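[1] I'd like to go over a predicted model; first the sequence, then the structure.
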Amino acid sequence: MGKTKLGLALCGSFCTFDKLIPAAEKLAQKYDLTVIMSEITANTDTRFGKTEEFKERLRQISGKNILATIPEAEPAGPKKLFDMLLVAPCTGNTLAKLACGIADSTVTMACKAHLRNGRPVVISISTNDALGANAKNIGELINRKNYYFVPFRQDDPQGKPTSMISDLSLLEPTIEAALAGRQLQPVIIS
Ligand SMILES: Cc1cc2nc3c(=O)[nH]c(=O)nc-3n(C[C@H](O)[C@H](O)[C@H](O)COP(=O)(O)O)c2cc1C
């Protein structure tokens, strides 16, 4: 049997990228990895690094071109490109769109296309408003069929009281549980 086909969709939580790259390297050892990037991540340099450098690393890790436009992501549905789609890091922006059924970016299009096949999406949040404006969207998606969450915690309760971030060391166990139709527990960690 071939490797499980894993789509890894990156959103614009740029400060998470330094931890995401080694996590992607680990995932590539086990899964057949395809990288998807939201428009902002594919086209924006920030104080956390240059997009071309991230893209080159991710191309090396996956051994494939990156899907970075809506037309490139759309075949995820009809061609059944992935067994599993991991959105990591998932911004508050993308979380809110997914909760509302909006598909106007590469990542949200990939999710919409993939979900039409009844296949699992795993969300790894990294957002300052998880316990603010996006609390209701986490609540919405956690209760929706075929969505699973990488366990998450408050990362700085005093300094950023509404911020929450998933534990990237739990990506693989969350994926494996989701492939078996189960949410890895506990989903809220300390
Ligand atoms: C330097 C920088 C860091 C950011 N970090 C985060 C973050 O950690 N979490 C988040 O939800 N948004 C963060 N944002 C905002 C998102 O990039 C912004 O909402 C963007 O529209 C997200 O688009 P996407 O969800 O399609 O990737 C950051 C923006 C910049 C410029």
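    Good, I have the coordinates.
[2] helix or strand for Leu6, which one?
    Assigned by DSSP states H and E, Leu6 belongs to strand 5-10.
[3] Report whether that strand contacts the ligand.
    No: counting by CB under 6 Å from any ligand atom, the ligand has no neighbours in strand 5-10; the shortest distance is 7.5 Å. Every C-beta, even on glycine, is put in place using the N, C-alpha and C of the backbone.
[4] what's downstream of that strand, the next helix or strand?
    Using DSSP H and E, the helix or strand that follows strand 5-10 in sequence is helix 17-30.
[5] Other residues contacting that following helix?
    In this structure, residues lying in contact with helix 17-30 by CB atoms under 8 Å, 6 or more residues apart in numbering are 3-4, 6, 8, 10, 33, 35, 48-49, 54, 57-58, 61-63, 86, 88-89, 168-169, 171-172.
[6] Around the residue of the chain found nearest the ligand, how many other residues sit close by?
    Residue of the chain nearest the ligand, by CB to the nearest ligand atom: Gly12 (2.6 Å). Number of residues near Gly12 (other CB atoms under 10 Å) recorded here: 21.
[7] what's the answer for Ala180, then?
    Neighbours of Ala180 using other CB under 10 Å come to 8.
[8] what does the chain put close to the ligand?
    Listed as neighbours of the ligand in the chain under the rule CB under 6 Å from any ligand atom: 11-15, 38, 40-41, 46, 48, 91-94, 105, 107, 126-127.
[9] in this protein, which spans are helices?
    Using DSSP state H, the helices of the chain run over residues 17-30, 39-43, 51-62, 70-73, 92-100, 106-115, 135-142, 171-179.
[10] Output those helices in CSV, with mean neighbour count and distance to Val122 appended to each entry.
    Written out in CSV, the entries for these read as follows (neighbours: other CB atoms under 10 Å; distance: least, CB to CB, whole Å):
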stretch, mean neighbour count, distance to Val122
helix 17-30, 16, 11
helix 39-43, 18, 18
helix 51-62, 16, 17
helix 70-73, 17, 17
helix 92-100, 20, 12
helix 106-115, 25, 11
helix 135-142, 16, 11
helix 171-179, 19, 5
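[11] Could you dump those into TSV with mean pLDDT added?
    Converted to TSV, the helices of the chain look like this (pLDDT from 0 to 100):
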stretch	mean pLDDT
helix 17-30	98
helix 39-43	98
helix 51-62	98
helix 70-73	98
helix 92-100	98
helix 106-115	98
helix 135-142	98
helix 171-179	98
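[12] Could you export these as JSON lines, including distance to Asp155?
    Formatted as JSON lines, the helices of the chain follow (distance: least, CB to CB, whole Å):
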{"stretch": "helix 17-30", "distance to Asp155": "12"}
{"stretch": "helix 39-43", "distance to Asp155": "20"}
{"stretch": "helix 51-62", "distance to Asp155": "22"}
{"stretch": "helix 70-73", "distance to Asp155": "29"}
{"stretch": "helix 92-100", "distance to Asp155": "14"}
{"stretch": "helix 106-115", "distance to Asp155": "22"}
{"stretch": "helix 135-142", "distance to Asp155": "15"}
{"stretch": "helix 171-179", "distance to Asp155": "17"}
